[in-house]
Each structure stands twice: as C-alpha cells, then as structure tokens.
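Engineer: here is the input, now give the coordinates:
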Amino acid sequence: MSLDPALRQRIDTLLQANPVVLFMKGSPDAPRCGFSAKAAGILSSLLPRYASVDVLEDGEIREGIKVYGSWPTIPQLYVKGELVGGSDIIEEMFDSGELHAALGLPAPDRTPPAITVTPAARKAIDAAMASADGAVLHLSVDAQFNAQFKLGPARGHEIVADADGLRIHLDPASAPRAQGMVVDWVEDMRGAGLAIRNPNAPAPVKSIGVKELHDRILTGTIDVIDVRPASGRGIAPFPQPHEVLDDASRARIEALPKDVPIAFICHHGSSSRRAAEHFRSLGFHDVYTVEGGIDAWAKEIDPSVPVY
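Structural biologist: Residues are numbered from 1 along each chain as shown. Model prediction:
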C-alpha cells in the first residue's frame, strides 16, 4: 500500500518538529487502550513532556502511520524521526536502559529498593507462587503510586529487590517509588488481601467545595488553576485571581514549589480531578479538585457567572 504524498508530508513535518512523538490511542493523560497506556506511562516517567498524536481522532494518520514505518500496530514511538517500536519494545528498552540512551538521558539508577514483606504477606505470596510454575514476582508502581503485584516470566534487565529471600522484580521507574514500602496481609469485613504502605506516595487529591474555596481565596491560602478549554473560559470566566493551565503555562506551573496548595477548577469537576492527579504524580503535596467546578461556583457563590 502506497502512502499519499500529502499525508507523508504531514507525518514528516510532525516528526521534524518534535524529537519524541508517540502515536497512540487517546492521550497520555487519558489513554484509550492498555498498550497505549503502558507506552505513555513509560515515556511520562522519563520526560516531562513529549508530542503525542491520538490516532482515534485522525483516521488518516491512524492508517498512514502504519504504512509510513511499515509497523502494523498502535502505539508507535518515534525518536528523532526514527521508529523505535511498539509498547513491548518500549518496555524492553526501558528495562535495559536503551530507551534512556535513545532519549539522551542518564542511565537509570539500578539500586534495588528496600522492601519489607510481613510474615503474613509472605505466606500468601508463597502460596500463590507455588502454583505458578516458573513465574517470578513482579511489582509495578505507577506515577500515581498505585502498586500492583503479578506473577509472570522474568523479562530480563529488571531490577531485583530481595525482601528477606523473596525476590521482587521491578522496572526502573517503579524501583525508586517502592523504596521503603511495607507489604502486609490484612483480613477484615471487606475480605482479605495484600495491603501496601508506601512512604513515598504523596497525599491523595482532596475535594474542596466552592464555599471553602471562596473563603481560602479571600485569605490568600490557596492558588486556583482553571483547566477548562479557552471556549469554556470565554463563556464563564472565573472571576477570582487564578492561573490558566495550557501549553504556554504548563512548564511554569509544574515548576512551582511542591508544597503550594493548589485547587484545580473545570466545568463540573471531572477534568479538574484528572489535572490534580497529574500534579499529585509530580510530587505536589496539597492538591484539590473543586467539587462541581465553575457550575457550582455560579450557582452557590456568584450568580453573575454564566451557567452553560
């Protein structure tokens, strides 16, 4: 299958303008398939920003990129105009450190983390591993510090932590996030399972009502960031001092001190929670999402703000 010259030029221009481009389903903040989520999660752990293309929003690119690089599946990662591969290759290169080198980054720290596994948890894990022929124990800790254990073949190049004889395999991003983790086994009215205490995890995103937000704005004890698109901000501008989160401001806002109290506001509260979770993953400790968004502000605080 030949590629239309105009479409080839579109892809060429995109790759020339951006040193790192991930063609994926969805966006890094909202991936729409598991393979895209894995690829974006790895890249986001290494780079503060990179270009991404949602192929579900562009049918021409979705089919054309498969022909362009003779690679039949999505996601696809390009670095400096060269095809790296899909999610499995990205993961393999990440574990080995080859991806760091391709991106011009220092080699990953391969120091195994100190992990404590209580006797009760060890008993449960040993029982599970006894029936998993040849499998090893993998632990992943994502950017939101959600931890997941699974059994599977060793991938090679992983970092292996020794918890009193229990070998735990981790990727280079998960290893530092797991430092000092305690794994326990709990049984209560909700059932039984592993319970993880991670001292590195930032405080969870908190909800704040518009009345409390109003009071804290008046006392100057919180910063507000509007994450709505320009169209929404144009219809109903937030009337109090605030920042706008967009491509131009993102780097500056992400560089703020990590202890600054930040409240994210959107139309109804969904986009603000996603933004708050992203900033939490960057290490911000005091992060809020505004319940009900600008809609609640208009109805409960300032009726001069249009409802849309």
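Engineer: identify each buried residue in the host helix or strand of Leu151, please.
Structural biologist: Assigned by DSSP states H and E, Leu151 belongs to strand 147-152. Buried positions in strand 147-152, judged by neighbour count with 16 or more other Cβ atoms under 10 Å: Ala147. (Glycine included, C-beta is placed from N, CA and C.)
Engineer: outside of that strand itself, list whatever touches it.
Structural biologist: 125, 128-129, 132, 135-142, 178, 181, 194, 196, 198 (Cβ atoms under 8 Å, 6 or more residues apart in numbering).
Engineer: can you map out the helices along this protein?
Structural biologist: Assigned by DSSP state H, the helices in the chain fall at 5-17, 34-46, 59-68, 87-96, 98-102, 119-130, 174-177, 210-219, 230-235, 250-254, 270-281, 293-300.
Engineer: so what secondary structure elements neighbour the first one?
Structural biologist: Yep, that's helix 5-17 we're talking about. Here helix 5-17 touches strand 51-54, helix 59-68, going by 3 or more Cβ pairs under 8 Å, 6 or more residues apart in numbering; DSSP states H and E.
Engineer: any idea which of these is most buried?
Structural biologist: Sort those by mean neighbour count, taking mean count of other Cβ atoms under 10 Å, and strand 51-54 sits at the top with a mean of 20.
Engineer: list the neighbouring strands of that strand plus their orientation.
Structural biologist: Applying DSSP bridges to the sheet, strand 51-54 is found paired with strand 20-24 (parallel).
Engineer: just list the residues touching the residue nearest to Ile235 when sequence neighbours are not counted, thanks.
Structural biologist: Closest residue in space to Ile235, ignoring its immediate chain neighbours: Tyr308 at 4.9 Å, by Cβ to Cβ, 6 or more residues apart in numbering. Listed by Cβ under 8 Å, 6+ apart, the contact set of Tyr308 reads Gly232, Ile235, Ala236, His267.
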